[in-house]
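Novice: Please work out how this folds:
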Amino acid sequence: MVWFHEATVTDATAQTLLGEYFAERAAGFPSAQGCYRTTQPVPEQFTRPAGAFLLVTDDTGEAIGCGGVRRIQRSPSDVIRLEVKHLYLRPTARGSGSGRLMLAELERVAAELGAGELVLDTNESLEAAGSLYRSSGYREIEPYNANPNATHWFGKPVTS
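Specialist: Prediction:
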């Protein structure tokens, strides 16, 4: 079982997990695509009502991952749009279903924040992430940002 806790992106545990996430992404980024560009999350974007940032802990209370949602521009159909960012699980927690639970919790929080649509971007090298998003109902969409790290963009309607 896992537990979710809202935190600020400046929280010490959040900073540790984000540091691990960025280091792992930089180390595994496809060299043919250049260098991974780290973009630190802006605290105000991940604080209610603009968004939220979550830590996930296991039964022992150890932090095993993090992720957030933040409000971005409205969709072309004028729906409130939130973006999933920095979804990360430590390697020891992967394959346990915790990523799917984290994504579902982020979707629940996004609905609380009034989202009509969730979007995210990812890189094709993150095959497990792409598979998770597709199997969770996300569909490929046109790029909604100019993230140099991204090769795929996904969207999903949010239901309350």
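Novice: mind checking the longest helix of the protein?
Specialist: Ranked by residue count under DSSP state H, the longest helix found in the chain is helix 12-28.
Novice: Which helix or strand lies directly C-terminal to it?
Specialist: Remark: after helix 12-28, the chain's next helix or strand is strand 51-57, criterion DSSP states H and E.
Novice: which residues are contacting stretch 132-151?
Specialist: The contact list for stretch 132-151 (CB atoms under 8 Å, 6 or more residues apart in numbering) reads 25, 29, 33-34, 36-37, 72-73, 81, 99-100, 103-104, 118-124, 152-156. (Glycine included, C-beta is placed from N, CA and C.)
Novice: no no, stretch 46-53
Specialist: 6-9, 14, 41, 44-45, 66-71, 82, 85-86, 109, 113.
Novice: just to revisit the earlier point, just name whatever secondary elements the longest helix of the chain is in contact with.
Specialist: If contacts are counted by 3 or more CB pairs under 8 Å, 6 or more residues apart in numbering; DSSP states H and E, helix 12-28 sits against strand 51-57, strand 63-71, strand 81-89.
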